[in-house]
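Participant: Sequence first, predicted model second:
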Number of protein chains: 2
Amino acid sequence: MYSRVQKILWNVVGLDYVLSGEMAAPYCIDWRGRYSGDALAVVLPGDKQQVAAVVAACAEHGLAIVPQGGNTSLCGGAVPLPHSQQIVVNLSRMNRIYALDTVNYTLTAEAGCSLAAIRKAAEQANRLFPLGLSAIAEYCEIGGNISTNAGGVGVLRYGNMRDLVLGLEVVLPDGRIWDGLRRLRKDNTGYDLKQLFIGAEGTLGIITAAVLKLFPRPRSVASACVAVRDPAVAVGLLAYLRENCGDKISAFEIISSSCLDLVLHHISNAHEPLSRRHDWIVLIELSDVLPVSLDLSLNYALQGFGEGILEFSVDSNERAASWWYLRKNISEAQKLEGFSVKHDVAVPLSHVAEFLTQANSALRAVFNGVRIVAFGHIGDGNIHYNVSMPDAVRNSVLIEKSQQVNRIVYDIVNGLGGSISAEHGLGQLKRNEICQYKDAIEMGLMRSIKFTIDPENLMNPGKVI
Amino acid sequence: MYSRVQKILWNVVGLDYVLSGEMAAPYCIDWRGRYSGDALAVVLPGDKQQVAAVVAACAEHGLAIVPQGGNTSLCGGAVPLPHSQQIVVNLSRMNRIYALDTVNYTLTAEAGCSLAAIRKAAEQANRLFPLGLSAIAEYCEIGGNISTNAGGVGVLRYGNMRDLVLGLEVVLPDGRIWDGLRRLRKDNTGYDLKQLFIGAEGTLGIITAAVLKLFPRPRSVASACVAVRDPAVAVGLLAYLRENCGDKISAFEIISSSCLDLVLHHISNAHEPLSRRHDWIVLIELSDVLPVSLDLSLNYALQGFGEGILEFSVDSNERAASWWYLRKNISEAQKLEGFSVKHDVAVPLSHVAEFLTQANSALRAVFNGVRIVAFGHIGDGNIHYNVSMPDAVRNSVLIEKSQQVNRIVYDIVNGLGGSISAEHGLGQLKRNEICQYKDAIEMGLMRSIKFTIDPENLMNPGKVI
């Protein structure tokens, strides 16, 4: 059967862009090497018509599709399943920027544009595209950013990817093209269909192009590195800063001492950020369109906060860059350190400190000597909470018990009204896990949406739902 | 059959809260007196359990439901259809504020809370809920605001209602309660179901409570009244101001001279805003959390803009209030003036001037002496574009030809990639019209969503879809 499809694919995209065997292999494993699978073929269409034709051919022959962008997903959402007969549709060739409208503050681009290319195009037009995933911006693609509703450091001010999309073009599971490439700030003409596809991880269709919101480009930036007594102080500090600096806060990240250890150990040119080591530091960024001295404002605001700040430093040049260099390299440092049981969780901000206290003590009670590496977007209530043991032997035992670790962490998150996947999505990793935490009504609604849009379950089966 | 349902309703909400006949009449006509219909009963539940029981009873007996909040809809979305056997479920009694979390910047409230009550509660906690519908804030309710994805003057900075909702609780068409009352900034665990119900105008379920985003409360405000040569200058001015004042721009509204005429004629204490009359004025508001002098910044920015500004004035006290008083009273003035053919349209900002030029000239070509009253949220590309004749006789002729007027306006909007309902929704008014402008794929997707969630078509039938 596939040979017939293969001929269609060759016809549609050309021989060079239907890969199999060794050529296909790099597309069947995720960038961190954690998920791998098998595909009948990897297809690289050159435009939306080709995507539509590929999808229609697969639909006709009952072949499942894995939509793929930069393949930087962290939950295995963009690679085929093992021993599967799936077709990977990789959109990397579709990397045209269609339009940049400085008056409308919008950019229209194909799904395969890298985030870095989009940010650069905006910058060249004196505009900002604020999605901040600096560690992978060269590799991740905007279609994937949209499909996973990507987060990052800019969410506090600019929102998640969902908030940055005005319009979408989507190839539906039957191969029809939905043209929703609107450039409007307001459009209340029925159900907002684009919302379905944002964050759906390719299970409802393939996003082929998007209209993105742009923002004025900040001309002033200042950063602070603040040692806080504990995460509760960090949360209080954010509420205080919002009252006093408002929209100027463009990032607010927390880093635990254990996390800093890893970065200083594994990453070259990483330096201790303050005069001495503290349990927790917070990195703050203010930015403004006006050419103003934000260093002064930030200094003043931090001085006024009162008890709980142990030490702080404000800078807008090299030192600031060195602080953000630490933050940017946390994932890489962890990768070099070895496996850990990772969690990407969110709770309401007012429960962040409670979450950390509860989870730390629950894990310590079960796993003697456990090491907690916690960091992330505390400004959004989003903590990357990673659990490991200090030595390799005990660590491999812990990894085997990762289900138990997950259960402890997720039960606490759930008890605090939180989410077990704040920004990375469900993919393969949490597809079953989520059934423990969403009620039957919500799971039922999700399944009926999936069935309505993709009745044959051909779009990224085995992911999300 | 209804008598059996009536007994159930009595049992569920109590005799006093099942209205019929004269008591029900005020709920069966919209606030502007444009749409009226008939209901078997108007039910006023006291909590979500009662809503669920009412909906379940109606579902069991095949009775259609019209969800209703403050009944301030402009498109007839919240009143029953004429000669219908529908049950109006009015949520006004459900007006409790459940929680206000100053650290998490969230407020959780029942759907029947008035917008004014929510804004006030936020203010008392030194927070801002930014939805700006000042003319009707006392009457409209947050459930209706969410169901219509309300807009208003604050969208430019804070987004539409959709952007202000973190969580929802919804009674589904079969009477089950979906608890999605999350207070999270990030949650990527599958399809974002709340998006379905936001802007659905009650056709997919009844929103019974919501978690809303709060913001820091601005401490500085300044306004400008700017006479511009034409709308193109206004659009250019906004792009320029965004570059120079960024997030501080919290409102940017345009008012035509014809519009000003109506307000000055009908509204007491309304005064000419500038030294002389101009074709177009723009009202601008800057606000900031910091206690800074925005008057200076605004003055400086306006002086730097260059050609196209004919006159301007900056103020942050009584004069500013008097300008916004004009804006606030436009709808009232129009109501007093009499009927006009109204349009609530949006186009990309870069096409606003083109839209106005094209529409004005197309209408003038067909209707000699036509009067265009245009105003609104030009910062969002959203123009309220109202068409009438200067005298009552010719006006009644025009009203009869409103279909033709609509076709002229909407075809131009559509040609410019715009929306025929920017912020008011479809309701009854544009339910058929929209079929002219959305393609079959989009209409098909909308219908399949509707059928999936509400297979018996019992939720607000005859509206939207």
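Facilitator: Cool, the structure landed.
Participant: hmm, the helix or strand hosting A:I207 touching chain B?
Facilitator: Element membership of A:I207, judged by DSSP states H and E, is strand A:206-213. No. Strand A:206-213 lies apart from chain B when judged by Cβ under 8 Å from any Cβ of the partner chain; the minimum separation is 9.2 Å. Where you see a C-beta, it was placed from the backbone N, CA and C, and this is true even at glycine.
Participant: Okay, buried residues for that strand please.
Facilitator: Using 16 or more other Cβ atoms under 10 Å in any protein chain shown as the test for burial, strand A:206-213 gives A:I206, A:I207, A:T208, A:A209, A:A210, A:V211, A:L212, A:K213.
Participant: So what's the gap between it and the chain middle?
Facilitator: 17 Å (Cα atoms, centre = their mean, to the nearest Å).
Participant: try stretch A:396-409
Facilitator: Centre-to-centre, stretch A:396-409 and its host chain are 23 Å apart (Cα atoms, centre = their mean).
Participant: close to chain B, is it?
Facilitator: No. Contact of stretch A:396-409 with chain B is not found when judged by Cβ under 8 Å from any Cβ; the minimum separation is 14.0 Å.
Participant: I'd like to know which elements the strand holding A:I207 is packed against.
Facilitator: helix A:48-60, strand A:65-68, strand A:106-110, helix A:142-147, strand A:165-171 (3 or more Cβ pairs under 8 Å, 6 or more residues apart in numbering or on different chains; DSSP states H and E).
Participant: for these, which one sits closest to chain B?
Facilitator: strand A:106-110 (7.2 Å; Cβ to the nearest Cβ).
Participant: sorry, back to before: make a markdown table out of the buried residues of strand A:206-213 and add pLDDT.
Facilitator: Below are these laid out as a markdown table (pLDDT from 0 to 100):
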| residue | pLDDT |
| --- | --- |
| A:I206 | 98 |
| A:I207 | 98 |
| A:T208 | 98 |
| A:A209 | 98 |
| A:A210 | 98 |
| A:V211 | 98 |
| A:L212 | 98 |
| A:K213 | 98 |
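Participant: ok, which pair from the residues you listed is furthest apart?
Facilitator: Maximum pairwise distance among these (Cβ to Cβ): 21.9 Å, between A:I206 and A:K213.
Participant: Phi first, then psi, for A:N90.
Facilitator: Main-chain dihedrals, A:N90, degrees, to the nearest 10: phi -100, psi 130.
Participant: before we move on, what about the one 3 residues further on?
Facilitator: A:R93 adopts backbone torsions of phi -70, psi -20, taken as degrees, to the nearest 10.
Participant: Surely it touches A:Q50?
Facilitator: No. Using Cβ atoms under 8 Å, A:R93 is not in contact with A:Q50, being 9.2 Å away.
Participant: and these two? which has more neighbours close in?
Facilitator: Shown here are A:R93 and A:Q50; by other Cβ atoms under 10 Å in any protein chain shown, A:Q50 has more neighbours (22 against 15).
Participant: wait, isn't the more buried one in contact with A:N11?
Facilitator: No. Shown here, A:Q50 and A:N11 do not form a contact pair, counting by Cβ under 8 Å, at 10.2 Å.
Participant: mind listing the strands for the stretch 301-450 of chain A?
Facilitator: Here the stretch 301-450 of chain A has its strands, by DSSP state E, counting those that start in this stretch, at A:309-315, A:344-346, A:371-376, A:382-388.
Participant: What count of nearby residues applies to the residue nearest to A:I378 when sequence neighbours are not counted?
Facilitator: Nearest non-adjacent residue to A:I378, counting by Cβ to Cβ, 6 or more residues apart in numbering or on different chains: A:I254, 4.1 Å away. When neighbours are defined as other Cβ under 10 Å, A:I254 has 27 of them.
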